[in-house]
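Student: Okay, structure incoming, though there's no sequence with it:
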């Protein structure tokens, strides 16, 4: 995580968390042109922290690249966050609670770094993290609704 560090979740670091929120909001405002309108619409509607992660899928393409798709669900609709041509990824699992996908998806960061790579980092309520760096980033809203 670049902005929302796990140690900020401790109630004693409330001011650090608020500062991180301000800094990230400034970044997103100054860099809206980097992201699609569809992504920004969902992001600004309250962010993705209330969205359920259904799956994280790794795809090895025929051209020797790797794509990682994070499938989200919210209000019966499905969304895909697709990291194209992944250059690095890591998952840090909290030793006390290893059930990442059953944990609350708390905060996600999306930013483009100095090398032009997209970074998608997310923090779970149990302190676990997932970080993905890629050459491309696609956001898709699926037309079909998920039957509940």
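Tutor: Noted; the coordinates are in hand. Being a predicted model, the structure only gives us computed values, none of them experimental.
Student: Report the strands that pair with the one helix or strand residue 142 maps to, each with its relative direction.
Tutor: Under the criterion DSSP states H and E, the helix or strand holding residue 142 is strand 129-145. The sheet places strand 129-145 alongside strand 77-92 (antiparallel), strand 118-124 (antiparallel), with pairing taken from DSSP bridges.
Student: Run the chain-centre distance for that strand.
Tutor: 8 Å (Cα atoms, centre = their mean, to the nearest Å).
Student: thinking again about what came up before, let me have the strands paired with strand 129-145 in a markdown table, adding mean neighbour count and mean pLDDT as columns.
Tutor: For glycine as for every other residue, the C-beta is placed from the backbone atoms N, C-alpha and C. Rendered in a markdown table, the data for the strands paired with strand 129-145 read as follows (neighbours: other Cβ atoms under 10 Å; pLDDT from 0 to 100):
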| stretch | mean neighbour count | mean pLDDT |
| --- | --- | --- |
| strand 77-92 | 16 | 91 |
| strand 118-124 | 22 | 87 |
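Student: I'd like to know how far residue 61 sits from residue 136.
Tutor: Plainly put, residue 61 is 12 Å away from residue 136 if you go by Cβ to Cβ, to the nearest Å.
Student: Of those two, give the one with the bigger neighbour count.
Tutor: Between residue 61 and residue 136, counted using other Cβ atoms under 10 Å, residue 136 has the larger neighbour count: 13 against 10.
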